[in-house]
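Peer 1: Following is a predicted model, sequence given first.
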Amino acid sequence: MNDSAPAVRLRVVTREIDAVDDVLAFTDPHDPLVWSRRGDALAARGRALTFAPADGTGDARDIARWWRGVVESARIDDPVGLPGTGLVAFGALPFDPRPDARRRTASAPVSFTVPRVVVGRRGSRSWVTAISAEPEAPRPELPEVVGYGPHWSATVGPGALTPDGYQQAVRAGIDAIAAGEVGKVVLARDLAGTVPADADLRRLVRALGSGYPDTWGFAVDGLIGASPETLVTVSGGTVTARVLAGTIARGADADADTAASLSLATSSKDLDEHGYAVRSVLEALRPSTSSLVAGEQPFMLKLPNVWHLATDVEGRLDAEASALDLVAALHPTAAVAGTPTAAALDVIRRLEPFDRGRYAGPVGWIDANGDGEWAIALRCAQFHLDDDDDADAAAPIPFTAYAGAGIVSASDPESEMLETRVKFRPIVDALA
Ligand SMILES: C=C(O[C@H]1C=CC=C(C(=O)O)[C@@H]1O)C(=O)O
């Protein structure tokens, strides 16, 4: 299949059902497909249709075009009409959107899938959606509950960039800033590990959701995490984003915590780093929105492991743009790449000895109206699931986890390395 409009006509049926407590029980334990926050959740199974261009590549703009074709030809019966009902697709896109980067992301290419069944919950309401490429309308039935597999724990060790190597990379990033190549660059390091072959990955999704309920919990094509950063949401013409940049570890007691938050709120280095990220989001959203507003000063976002400087942005959608069109306009923001974007991507490629794959890329869902919720894939790990029939079924499943930090001229290499350590905590703790 290429990336032009597909020949299939999808049939979609959504029906409201009795409240479902645990939507995770309906998704695949070994390849869960999940989106959740604060108790609202979408969990899905199977594949009705997949965006699969011949060369395995594509960016958000190609997918947005393809999605319009899928929607135009679909027949949708959705009397429920809540966010996430009717026809939906889930995506996780590579970090580096440049065509010449696509060869490098072969291990984690673009993932964009319309599932066969979605079980959803929003507030007190639950529903099931069935999606089929067959001519008959599918029956919206709850899939069988899959009982949780036993507890497991991962092995985790250094990745391609050790803590020392990371500090050297940060020094080189500061040199690139001093040389005028970039104003800010976000540099990441990796951890590598394995989980048992039969690990029920829903346990990881559940642990992240209960430890970090205010983040976006996601599991899409082996990319599993809990991101605090909203790239963009679109709902009935309203556009929102939550920009994060500037971080400090939570204090060990109440006094230390207050001192930590105060020192972040007044740190000119962090406010500088944050300013780049906010400006990049406002510039990207302005052409397709009206009444775009952002807080004048960042607020302090408190997570169990860190404080972040945060700015919420809201506007009205002005153009015929879908959530995916906005993803294409926004990504990569200065919160995960740097400024100017192209130069920052060059510095990242030069200084990080690995490909980010889908880490720091867009992850989320879109519906038939073009509404959707997209986060930046942070605080996550990519599980390298092997669907090759010849693969050794007993072999442990490898994964790579990532965390990065925004580097500006006043950055200190050791502090930035320690910051990545606290950012690893959600995923590393949940894997233990
Ligand atoms: C790049 C990451 O975080 C970004 C988001 C929030 C705060 C950040 C910071 O303070 O550097 C980063 O810009 C990461 O978690 O891997």
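Peer 2: Ah, there it is. Numbering: from 1, shown residues only.
Peer 1: So the most centrally placed residue in the chain versus residue 321, what's the distance?
Peer 2: In the chain, the C-alpha nearest the mean C-alpha coordinate belongs to residue 377, at 2.7 Å (C-alpha atoms, centre = their mean). Here residue 377 is placed at a distance of 22 Å from residue 321 (C-beta to C-beta, to the nearest Å). C-beta here means a position set from N, CA and C on the backbone, and glycine is covered the same way.
Peer 1: Check residue 33 too.
Peer 2: Relative to residue 321, and taking C-beta to C-beta, residue 33 is found at 26 Å.
Peer 1: Please identify which of the two sits among more neighbours.
Peer 2: Counting neighbours by other C-beta atoms under 10 Å for residue 33 and for residue 321 shows that residue 33 has the greater number, 24 against 19.
Peer 1: what about the residue nearest to that one when sequence neighbours are not counted, is that helix, strand or coil?
Peer 2: Nearest residue to residue 33, sequence neighbours excluded (C-beta to C-beta, 6 or more residues apart in numbering): residue 44, at 4.2 Å. Under DSSP: H, G, I helix; E, B strand; the rest coil, residue 44 falls in the strand class.
Peer 1: in terms of contact, does residue 44 touch residue 128 like I think?
Peer 2: No: Residue 44 is beyond contact range of residue 128, at 10.4 Å (criterion: C-beta atoms under 8 Å).
Peer 1: ok, the two, which is more surrounded?
Peer 2: A side-by-side neighbour count of residue 44 and residue 128, using other C-beta under 10 Å, places residue 44 first with 31 against 23.
Peer 1: what's near enough to touch the residue nearest to the centre of the chain?
Peer 2: By C-beta atoms under 8 Å, 6 or more residues apart in numbering, residue 377 lies in contact with 92, 218, 223, 225, 227, 358, 359, 360, 361, 362, 363.
Peer 1: one more time with 10 Å
Peer 2: Residue 377 makes contact with 92-95, 216, 218, 220, 223-225, 227, 229, 231, 336, 356-364, 402, according to C-beta atoms under 10 Å, 6 or more residues apart in numbering.
Peer 1: In three-state terms, label residue 213 for me.
Peer 2: Applying three-state DSSP: residue 213 is coil.
Peer 1: how much space between it and the ligand?
Peer 2: Noted for residue 213: a distance of 18 Å to the ligand, by C-beta to the nearest ligand atom, to the nearest Å.
Peer 1: and what of residue 231?
Peer 2: Residue 231 is 11 Å from the ligand, where distance means C-beta to the nearest ligand atom.
Peer 1: what does residue 137 give?
Peer 2: Note on residue 137: its distance to the ligand, by C-beta to the nearest ligand atom, is 43 Å.
Peer 1: Can you get me a residue count around the residue lying closest to that residue once chain neighbours are set aside?
Peer 2: Among residues not flanking residue 137 along the chain, residue 11 sits closest, at 5.0 Å (C-beta to C-beta, 6+ apart). If you count neighbours by other C-beta under 10 Å, residue 11 ends up with 20.
Peer 1: ok now do residue 11, which residues does it touch?
Peer 2: 48, 74-77, 87, 130-138.
Peer 1: My read is that residue 257 contacts residue 302, right?
Peer 2: Yes: the criterion here is C-beta atoms under 10 Å, and residue 257 meets it with residue 302 at 8.6 Å.
Peer 1: Need the overlap of contacts for those two.
Peer 2: residue 250.
Peer 1: what's the straight distance from one end of stretch 108-117 to the other?
Peer 2: 24 Å (C-alpha to C-alpha, to the nearest Å).
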